[in-house]
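Visitor: I'll drop the sequence and a predicted model, then ask my questions.
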Amino acid sequence: MKEKFINLKSTTVPLPVENIDTDQIIPARFLKATTREGFGENLFRDWRYDGDGNPKTDFILNNPTHQGKILVAGKNFGCGSSREHAAWALYDYGFRVVISSFFADIFKNNSLNNALLPVQVSDSFLSKIFKSVENNPKTEIEVNLETQTITLPDGNSETFEINPYKKACLINGHDDIDYLLSLKKEIKEFDFKSYELQATSY
Amino acid sequence: MNKPKTLFDKIWDAHVVKQKEGYPDALFIDRHFIHEVTSPQAFDGLRKRGIPVFNTSRTTATADHNVPTKDQHLPIREALSRHQVETLRKNCAEFGIELYDLGHPFQGIVHIIGPELGLTLPGMTIVCGDSHTSTHGAFGNIAFGIGTSEVEQVLATQCILQHRPKTMRIEVNGKLGKGVVAKDIILYIISKISASGATGYFVEYAGSTIESLSMEARMTICNMSIEMGARGGLIAPDDTTFNYIRGRKFAPQGEAFEKLVESWKLLKTDKDAAYDNVLTYDAADIAPMITYGTNPGMGIRVTDRIPTTEELKEINEKTSFTKSLEYMGLEPGSTLLGKPVDYVFIGSCTNARIEDLRLVASIVNGKQKSPNVEVWVVPGSKQVEEQARKEGLDKIFEAAGFELRSPGCSACLGMNEDKIPAGKYCISTSNRNFEGRQGPKSRTFLASPLSAAAAAITGRITDVRELVD
Ligand code: SF4
């Protein structure tokens, strides 16, 4: 059973950089753990700390004015390596929502499998968010999964897409294995004949 | 008559176990590869649920990301890496999965060993907790990378829940110029459509240039599909494919194989089948390529200039572009030709097959590396290493001052001992030039094995066409 997700209202951490790849979110040398916990410590490691491990003051996560459960990032967030550790690190750090105008496919799947909601908005809405947060770091954004809407304090809002199945999973805290295990009988039949079937059914 | 279908759709449809309104498709997976980094939490999940692996014969494991490429017979020095490889060992023993461990004659980078052992076949569905699973698509199958929760799904049920991606056809036609190889084709395509240009799509590569390529070269192309955001890429199988597979260790043999070939010949996109997007390129426009930035879309012909900020279309792009060039220590508008490099890395699942090593040897044969570079040649697998020695390539490399190491991911990802030091420039045959990918603050130029070999000789970024006749 995963944590359930329904609604969230929070301040944000703005990171207006495009093409943030999963190597930046969590560099490879920190992927050696064999459990899912603790990756938050090394989230954005090389942007967050210098070579001696001291926090870089110009990086947003080290800026006390910007905190919250929502990360707002530039286009094509989560590209590159399929490491699910990226989603674990964001979640472990405390993020529950990532907003961007475009997400890489595997990252999107990985986050949905870990109760981290990727919210894809239009380029113009993304700029609006960045602007409001720049003007007032305390800007709270509301994300409502049930109605699939994201709203700024001034009432500006946009709807976002999510697959109905994934939405139900998030709201109920279910995961894919629960569903797939219910298909066990069909899968067994398929497994048995699949090679022949595969070679003759094109 | 049935609706004409793309190759992708044919394979996908043949593997759907269950289609349910509002649900993603439950897709049966023929072949599953695992390695030490993305599997431990998946096995833990099975343990927590108290369930076994659904069909152990469909999963194969190897250790690659964390392994040293020197003294592989000794215990891994770094404690966490050692622990991760040991955990893989324990998990495979407990759950009954075949493991090609360090020292095994079949060990190697997961995407190199699957094809070379005949585990990767046309028409299959193949997944692995690794984004470069797209490599296997060169054999005409649906192969894509997945996350660890999905690895757990496959172990538990041999299925995965997936939405059908859109399809894109990328055609390359015509004859390649001198010194231009598969890596240049794919770097060229990515430079044209950007690092996110194929997100949401599965790509089929086609056209006369692609058809003329060897299997090794096709794998290089499919490997980097993910670098333009695609879930995967595939190429219709043909005689080149069948000849490559014939006689491989785990491929069906003899009459059974020849019968399969007959059905594999049907693995083609129907005439008039519709793709969601079609792009066409001319091989004559492709030259030796090199990347200058920190994503694989930031590539140019080696003789071109890096763009200037004014030449960029979108304002948003400019911040990322400037940040990227600052990281690389390069000037907008400058040229890369003649720029000194510190390291040359020839390896990774993109370019560490025997053909790649032969390409490198063809350039360096009888020559010496430049004294200011360090050159690592890391074969993709134990079998590639053996073959290279058999062909005497090791002697050529040794005479040139290159270091031939043992198989693994090596400096492709800065996870094991092989890292490029901070601030240093590395020309690399791998697939990612992200910030810190090859080690904290390392700077990467992606290029073909030919271009990397040329840089090894001259010590600087070189147009390889000047070295070949
Ligand atoms: S060689 Fe590099 S890209 Fe390929 S599997 Fe290893 S780490 Fe990943």
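Guide: Arrived safely.
Visitor: and the residue of chain A found nearest the ligand, what does it touch?
Guide: Residue nearest to the ligand within chain A (C-beta to the nearest ligand atom): residue A:81, separated by 7.2 Å. Placement of C-beta: from N, CA and C, glycine included. Counting by C-beta atoms under 8 Å, 6 or more residues apart in numbering or on different chains, residue A:81 touches A:21, A:22, A:23, A:28, B:130, B:131, B:413, B:432.
Visitor: which of these are close to the ligand?
Guide: Checking the contacts of residue A:81 against the ligand by C-beta under 6 Å from any ligand atom, the ones in range are B:130, B:413.
Visitor: helix or strand for residue B:321, which one?
Guide: helix B:315-328 (DSSP states H and E).
Visitor: what average pLDDT does that helix get?
Guide: Across helix B:315-328, the average pLDDT comes to 86.
Visitor: got it, and stretch B:37-53?
Guide: 97.
Visitor: check which residues of it are buried.
Guide: Neighbour counts over stretch B:37-53 (16 or more other C-beta atoms under 10 Å in any protein chain shown) mark B:37, B:38, B:39, B:40, B:41, B:42, B:43, B:44, B:45, B:46, B:53 as buried.
Visitor: secondary structure and distance to residue B:301 for those residues - can I get that in JSON lines?
Guide: Formatted as JSON lines, the buried residues of stretch B:37-53 follow (DSSP: H, G, I helix; E, B strand; the rest coil; distance: C-beta to C-beta, whole Å):
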{"residue": "B:37", "secondary structure": "coil", "distance to residue B:301": "35"}
{"residue": "B:38", "secondary structure": "coil", "distance to residue B:301": "36"}
{"residue": "B:39", "secondary structure": "coil", "distance to residue B:301": "40"}
{"residue": "B:40", "secondary structure": "helix", "distance to residue B:301": "43"}
{"residue": "B:41", "secondary structure": "helix", "distance to residue B:301": "43"}
{"residue": "B:42", "secondary structure": "helix", "distance to residue B:301": "42"}
{"residue": "B:43", "secondary structure": "helix", "distance to residue B:301": "46"}
{"residue": "B:44", "secondary structure": "helix", "distance to residue B:301": "48"}
{"residue": "B:45", "secondary structure": "helix", "distance to residue B:301": "47"}
{"residue": "B:46", "secondary structure": "helix", "distance to residue B:301": "49"}
{"residue": "B:53", "secondary structure": "coil", "distance to residue B:301": "48"}
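Visitor: possible to save the residues you listed as a markdown table with distance to chain A?
Guide: A markdown table is the format used below for these (distance: C-beta to the nearest C-beta, whole Å):
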| residue | distance to chain A |
| --- | --- |
| B:37 | 5 |
| B:38 | 7 |
| B:39 | 9 |
| B:40 | 4 |
| B:41 | 5 |
| B:42 | 9 |
| B:43 | 9 |
| B:44 | 7 |
| B:45 | 8 |
| B:46 | 9 |
| B:53 | 12 |
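Visitor: pick the one among those closest to the ligand.
Guide: Among these, residue B:37 lies closest to the ligand (C-beta to the nearest ligand atom), at 8.6 Å.
Visitor: where along the stretch 151-300 of chain B do the helices fall?
Guide: B:182-193, B:208-211, B:215-223, B:239-245, B:254-264 (DSSP state H, counting those that start in this stretch).
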